[in-house]
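J.: Need a 3D model of the following:
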Amino acid sequence: MPLSTIILAAGQGKRMNSDLPKVLQPLAGRPLISHVLEAADKLGADQNYIVYGHGGELVRAACRDDSLNWVHQAEQLGTGHAAAQAIGHIPDDHTVLVLCGDVPLTTVFTLGQLTDAGAGGLAVLTVVMDDATGYGRILRDPDGRVTAIVEERDATPEQRVVREVNTGLIASKAKHLKRWLGQLDNKNAQAEYYLTDIVGLAVAEHVQVEAVEAVSPDEVLGINDKLQLAEAESIYRRRITEDLMRGGVTIADPRRVDIRGSLRCGRDVVIDINAVFEGDVVLGDRVVIGPNCIIRDSHLGEDTQVHANSIVEQSSTGARCQIGPYARLRPESTLADEVKVGNFVEIKKSSLAFGSKVNHLTYVGDSEVGQRVNVGAGTITCNYDGAYKHRTVIGDDAFIGSGVQLVAPVRVGSGATIGAGTVVTRDAPDGKLTVGRARQGTVEGWRRPVKKLPK
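T.: You can find the predicted model right below:
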């Protein structure tokens, strides 16, 4: 069954009080519209038509996908007018699913039901709400058949009592939708062309109108301001954390975890409070993430522990690694099995082989560190000369004393020892002690200056 979607994304979103178009406001680290497009992709849509208006070039720039079809709505004259801009491009035999770029939480299951129901006639997605204020009401005849949708501004007091409301999402055959959209008028309180008026036109033609009820109002939450955006973030977070916990992940407090992308976890993973996961993150079996950590686009091997207040971005670790507290792995850092990166250590674009330790107050950048290396506190790889980055290579079983500066490009040999306080500017040979310090002396008779007090 060929399927096309029309995604309505032309709204300005004035209530956001933002320079960013409404459909580009971030939910779980991605624009609202990207969640809608993801759902359409999972449904197997053959074509997606995005109707854009306000901030259109920003929206197009944010959705760089050559398969998308862009339709400009120069004047915002209502949802019916918006859908009409795209419908002419869609073959008659396609089922058309009309989605809203600011309604990002509808599940693929619900959209699939709506699409199937609309394949033969017209289907509208509805939901029952305790407080229906502001929504169009679903009107039914005594036999329960849908007869119309009336917007609240046009509803009578009796109609406003109805709690089943329109969500704005519909499905229908393209050939029907083309005919109905061409018959719409704007004789209503808003002087707009309402997409919902096609229900009355379908009923007049004796075309079956089926109401598909969403499981929860959460699914159809429209995002119009920052309060609703925060509410949607909470709903999204709850969905993801519930799935993770059902899969065996221990989460100390699901309300204090943020997942802004994809998080895949092995068995017996533990996540403490205020952890933030961004992009594509994979945690192996028995990984422990301490409080206040940020993990971004990274893969952590089994039994690895990330201690409190650490940041790991675009990096990977082997098994049984220790990171932090207060450590940072910057992009393109790779730790082999049983590597330890301790407190206030920064690793950047470097590889550390099996069993190496960088325990305290150290910067390792653009480096290749061998196996079982010990890097002492306060060590710095001086990798930048003001114009270019240079590499440092440290051989297996080397011992780097505290307060050492390794001025790249430089190589420290296997089994070499670098004495504390040394500045290494030339290659240090294998298996030998390299020391480079100013000779210590004592100045006899020297007195520390004393500040003179005013008279």
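J.: Quick check: buried residues in the host helix or strand of Ser34?
T.: Element membership for Ser34, per DSSP states H and E: helix 32-43. Residues of helix 32-43 classed as buried: Leu32, Ile33, Ser34, His35, Val36, Leu37, Ala39, Ala40, Leu43 (neighbour count, 16 or more other CB atoms under 10 Å). C-beta: built from backbone N, CA, C; applies to glycine.
J.: same question, stretch 105-120
T.: Leu105, Thr106, Thr107, Thr110, Leu111, Gly112, Gln113, Leu114, Thr115, Ala117, Gly118.
J.: Now flag whichever of the buried residues of helix 32-43 is closest to Gly436.
T.: For the buried residues of helix 32-43, the residue nearest Gly436 by CB to CB is Ser34; the value is 54.4 Å.
J.: can you pull the contacts of the closest one?
T.: Residues near Ser34 by CB atoms under 8 Å, 6 or more residues apart in numbering: Ala62, Cys63.
J.: From here on, call the first residue 32.
T.: From this message on, residue numbering opens at 32, which makes the last subject Ser65.
J.: Arg468: neighbouring residues, count only.
T.: Residues near Arg468, counting by other CB atoms under 10 Å, number 11.
J.: contacting residues for it?
T.: With CB under 8 Å, 6+ apart, Arg468 has these contacts: Gly450, Gly452, Thr453.
J.: Please convert the buried residues of helix 63-74 to a markdown table, extending it with pLDDT and distance to Gly476.
T.: Below are those laid out as a markdown table (pLDDT from 0 to 100; distance: CB to CB, whole Å):
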| residue | pLDDT | distance to Gly476 |
| --- | --- | --- |
| Leu63 | 96 | 75 |
| Ile64 | 96 | 77 |
| Ser65 | 95 | 74 |
| His66 | 96 | 76 |
| Val67 | 97 | 80 |
| Leu68 | 96 | 79 |
| Ala70 | 96 | 82 |
| Ala71 | 96 | 84 |
| Leu74 | 95 | 87 |
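J.: on that earlier part again, now the contacts of Arg468 as JSON lines including secondary structure?
T.: Listed next are these as JSON lines, based on DSSP: H, G, I helix; E, B strand; the rest coil:
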{"residue": "Gly450", "secondary structure": "coil"}
{"residue": "Gly452", "secondary structure": "coil"}
{"residue": "Thr453", "secondary structure": "coil"}
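J.: In PyMOL, how would I select the buried members of these?
T.: Selecting only the buried entries of the contacts of Arg468 in PyMOL, with 16+ other CB under 10 Å as the criterion:
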select buried, resi 450+453
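J.: and Gly152, how many neighbours?
T.: By the criterion of other CB under 10 Å, Gly152 has 17 neighbours.
J.: In space, what's closest to it - neighbours in sequence excluded?
T.: Counting by CB to CB, 6 or more residues apart in numbering, Gln239 is the residue found nearest to Gly152 once chain neighbours are left out, at 4.1 Å.
J.: Does Gln99 touch Tyr83 like I think?
T.: Quick fix: residue 99 is Leu, not Gln. No: in terms of CB atoms under 8 Å, Leu99 does not count as a neighbour of Tyr83; the distance is 10.3 Å.
J.: Let me know the closest of the buried residues of helix 63-74 to Arg317.
T.: Using CB to CB, His66 comes nearest to Arg317 of these, at 31.4 Å.
J.: longest helix in the protein, by residue count?
T.: If you go by DSSP state H, the chain has its longest helix at helix 257-277.
J.: mind checking how far that one is from the chain centre?
T.: Remark: helix 257-277 is offset 12 Å from the chain centroid, using CA atoms, centre = their mean, to the nearest Å.
J.: Please point out which parts of that helix sit buried.
T.: Buried positions in helix 257-277, judged by neighbour count with 16+ other CB under 10 Å: Gln259, Leu260, Ala263, Glu264, Ile266, Tyr267, Arg268, Ile271, Thr272, Leu275.
J.: What of stretch 166-183?
T.: Quick answer for stretch 166-183 (16+ other CB under 10 Å): Tyr166, Gly167, Arg168, Ile169, Leu170, Val177, Thr178, Ala179, Ile180, Val181, Glu182.
J.: how close does the closest residue to the last one other than its chain neighbours sit to Ala179?
T.: Closest residue to Glu182 in three dimensions, ignoring its sequence neighbours and counting by CB to CB, 6+ apart: Gly167, at 4.6 Å. Using CB to CB, to the nearest Å, one gets 10 Å for the distance from Gly167 to Ala179.
J.: By mean pLDDT, flag the weakest helix or strand of this protein.
T.: Counting by mean pLDDT, DSSP states H and E, the chain has its least confident helix or strand at helix 87-93, which shows a mean of 88.
J.: Could you list the residues in contact with stretch 389-400?
T.: Outside stretch 389-400, the residues that reach it (CB under 8 Å, 6+ apart) are 371-384, 387, 406-412, 414-415, 420-425, 439.
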